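Enquirer: sequence? don't have it. structure:
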């Protein structure tokens with residue numbers, strides 16, 4: 001559980017936040033008024049072509065999916081570094097991080113009874129393997145953890161299937177992350193979940209799961225929404241449902257990887273940094289186009305846009321493409337640790353990891369007054385219909401920085417279709433629109449520039465307990 005401690009700033013950060021608030025109060029001039037002309041020029045240029053979409057398509061088609069520890073991820077990182085140097089960005093480098101290597105191997109799930117048929121399945125990341133000949137067992141279907149607890153006596157020796165409809169990601173993902181442990185505690189031999197997806201066309205969705213070190217480990221996989229519902233109907237009719245699950249997944253020793261870093265140095269305060277980026281790794285299916293190649297390229301192209309227009313803000317703008325977000329967060333934690341001594345000079349961290357769909361505005365997690373400042377900046381985006389501002393700007397890779405007080409922002413986008421494709425083989429380039437992606441570039445570029453150039457700073461975020 002994460003606890004938030006209000007108004008707990010380091011002395012320097014507290015003073016900076018106070019002076020920042022006073023500076024804007026004294027000028028009595030909205031942030032947007034000072035930057036509208038430059039913002040309009042940046043937006044117009046970003047929307048003039050499909051260069052961001054084309055670059056993402058090249059990345060996705062050339063390297064495909066990019067799971068941590070894979071040759072495709074490292075080849076993609078090497079290519080990106082070379083391309084960033086060709087773009088003329090400054091201080092381009094890879095910052096070393098050790099990452100886990102989980103290998104899926106061969107896997108299958110087959111319905112044995114009441115009729116024989118292959119099921120649409122995918123192993124969950126970090127899962128252990130089944131025995132070589134698989135696990136064949138009766139399926140027990142439950143609707144939630146509470147039902148599993150009530151029926152614990154029935155679970156021994158069975159495969160537990162959690163058939164939980166998607167409500168929100170935060171609510172439903174608990175069954176992916178903790179289902180295997182809950183099932184093992186009551187004697188189950190394997191765990192299956194209904195894919196964490198808001199819509200399905202027989203495309204099962206993977207994602208990371210975890211184990212409790214005090215509980216025996218059992219294999220875990222996801223079924224397509226359709227197959228999970230079918231098994232549930234069979235059980236409800238009183239039929240005995242038997243499934244054979246085979247998985248050869250394994251975890252190998254950690255391997256070296258890199259966070260990608262490139263900059264435009266600040267003209268007056270180069271030691272103060274605005275970070276923007278995405279995570280360059282993906283799951284080992286699909287192309288990782290939406291999650292999160294799009295966020296990476298949008299951030300990269302945002303910094304390239306400043307370079308193209310000859311715009312150099314007062315503070316440094318740093319694009320970071322974090323590695324290993326999907327199954328370990330080693331990149332985010334590694335970046336925090338490598339730059340811990342510079343945290344007070346991290347002015348803002350922004351990540352795009354919710355798909356480069358139609359932009360709607362900005363989310364922010366900062367101190368008092370942060371939402372008002374985000375709303376002021378968002379007013380620059382009326383031409384692309386993205387003037388909303390709301391509380392909540394933390395994504396997975398900016399979380400470790402935000403815990404230490406760094407204000408976090410993220411693009412607000414139309415998330416209607418995100419969980420249709422998330423962590424599935426359907427995460428491919430055709431799901432993304434060139435115009436929408438260009439709008440994401442514009443929003444990230446303008447936001448990063450304004451925050452990096454404005455006289456004051458965003459109010460520091462409350463420190464979280466333990467930091």
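Expert: Nice, thanks for sending it over. On a predicted model such as this, the values are computed, not experimentally measured, just so you know. Numbers count the residues shown, from 1 in each chain.

Enquirer: Any idea which helix or strand in this protein has the lowest mean pLDDT?
Expert: helix 11-27 (a mean of 36; mean pLDDT, DSSP states H and E).

Enquirer: which residues sit against the helix or strand that comes right after it?
Expert: Moving toward the C-terminus from helix 11-27, the next helix or strand (DSSP states H and E) is helix 31-46. Helix 31-46 is contacted by residues 24, 52, 301, 305-306, 308-309, 311, 373, 376-377, 379-381, 383-384, 438-439, 441-442, 445-446, 449-450, 453-454 when judged by CB atoms under 8 Å, 6 or more residues apart in numbering. C-beta coordinates here come from the backbone N, C-alpha and C atoms, glycine included.

Enquirer: What are the buried residues along helix 31-46?
Expert: By neighbour count on 16 or more other CB atoms under 10 Å, the buried set for helix 31-46 is 31, 32, 35, 38, 39, 42, 43, 45, 46.

Enquirer: go on, stretch 257-267?
Expert: Within stretch 257-267, judged by 16+ other CB under 10 Å, the buried ones are 257, 258, 259, 260, 261, 262, 263, 264, 266.

Enquirer: Hmm, residue 355 is touching residue 288, no?
Expert: No - counting by CB atoms under 8 Å, residue 355 stays clear of residue 288, with 11.9 Å between them.

Enquirer: isn't residue 117 right up against residue 109?
Expert: No - taking contacts as CB under 8 Å, residue 117 lies outside contact range of residue 109: 10.2 Å.

Enquirer: Tell me which of the two has more neighbours.
Expert: Using other CB atoms under 10 Å, the more surrounded residue of residue 117 and residue 109 is residue 109, with 25 against 9.

Enquirer: Relative to residue 246, how far out is the more buried one?
Expert: Noted for residue 109: a distance of 8 Å to residue 246, by CB to CB, to the nearest Å.

Enquirer: do residue 145 as well
Expert: Taking CB to CB, one finds residue 145 at 26 Å from residue 246.

Enquirer: Look at these two and report which has more neighbours.
Expert: Taking neighbours as other CB under 10 Å, residue 145 and residue 246 compare with residue 246 leading, 22 against 16.

Enquirer: Please name the nearest non-neighbouring residue to the more buried one.
Expert: The shortest distance from residue 246 to any non-neighbouring residue, by CB to CB, 6 or more residues apart in numbering, is to residue 134 (3.7 Å).

Enquirer: remind me which residues of the chain are low pLDDT?
Expert: 1-29, 465-467 (pLDDT under 70).

Enquirer: Which residue, other than its chain neighbours, is closest to residue 93?
Expert: Distances taken as CB to CB, 6+ apart put residue 261 closest to residue 93, at 5.3 Å, once the chain neighbours are dropped.

Enquirer: Repeat that for residue 205.
Expert: That would be residue 195: by CB to CB, 6+ apart, it lies 4.1 Å from residue 205.

Enquirer: Spell out the residue ranges of the helices in the stretch 101-250 of the chain.
Expert: In the stretch 101-250 of the chain, the helices defined using DSSP state H, counting those that start in this stretch lie at 145-150, 169-185, 225-236.

Enquirer: and among those helices, the most buried is which?
Expert: Most buried of these by mean neighbour count (mean count of other CB atoms under 10 Å) is helix 169-185; its value is a mean of 20.

Enquirer: Mind giving me the packing neighbours of it?
Expert: helix 145-150, strand 159-162, strand 190-194, strand 220-223 (3 or more CB pairs under 8 Å, 6 or more residues apart in numbering; DSSP states H and E).

Enquirer: what packs against the second one?
Expert: The one in question is strand 159-162. So strand 159-162, by 3+ CB pairs under 8 Å, 6+ apart, packs with strand 135-142, helix 169-185, strand 190-194, helix 225-236.

Enquirer: and of these, who's closest to residue 69?
Expert: Nearest to residue 69 among the helices and strands packed on strand 159-162 is helix 169-185; the distance by CB to CB comes to 20.5 Å.

Enquirer: ok so, going back, just the buried ones from the contacts of helix 31-46?
Expert: 24, 52, 301, 305-306, 311, 373, 376-377, 379-381, 384, 438-439, 441-442, 445-446, 449-450, 453-454.
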